[in-house]
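Participant: Quick one, structure for this:
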Amino acid sequence: MSTVSNTENVVRQPAEWMQPVDDRILEIFREHGNLTPAAVEEFGGPSSSHASRRCKQLARYGLLEQIVTGLYTLTDEGGAYLDEEFDASELEIATDDS
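Facilitator: The predicted structure follows:
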């Protein structure tokens, strides 16, 4: 499935805190829905332990959302980032007031 549109001069804008593997993780979530880090590994992502660390970080900044412990979903911001409609460097770490 090709979703190429007029994006000749558009490039994803990752944040300074992001790692190259984060794009692949987010793409796996978009392709497969709600996942655990172990499922991310099964779908061709990094090892489950590395995926776990990256999912936690991506959730801290709002590109993923933790549904329950160990289960994540892609947020609207995460989808917009993948679609090159959102600059991830604009994100700030979420504060946990609990």
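
Participant: Only C-alpha atoms, please: export the lowest-mean-pLDDT helix or strand in the chain in CSV.
Facilitator: Counting by mean pLDDT, DSSP states H and E, the chain has its least confident helix or strand at helix 76-82, which shows a mean of 95. Presented in CSV, the C-alpha positions along helix 76-82 are these (Å, rounded to 0.1, in the frame of the first residue of the first chain):
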residue,chain,number,x,y,z
ASP,A,76,-3.1,11.3,17.0
GLU,A,77,0.2,13.2,17.5
GLY,A,78,2.1,10.0,16.7
GLY,A,79,0.1,9.5,13.5
ALA,A,80,0.6,13.2,12.5
TYR,A,81,4.3,12.8,13.0
LEU,A,82,4.4,9.8,10.7
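
Participant: for that helix, packing partners?
Facilitator: When contacts are defined as 3 or more CB pairs under 8 Å, 6 or more residues apart in numbering; DSSP states H and E, helix 76-82 sits against helix 20-32. To be clear about C-beta, it is placed using only N, CA and C from the backbone, and glycine gets the same treatment.

Participant: What residues sit buried inside the least confident helix or strand of the chain?
Facilitator: 77-78, 81-82 (16 or more other CB atoms under 10 Å).

Participant: now stretch 24-40
Facilitator: Within stretch 24-40, judged by 16+ other CB under 10 Å, the buried ones are 24-29, 35-37, 39-40.
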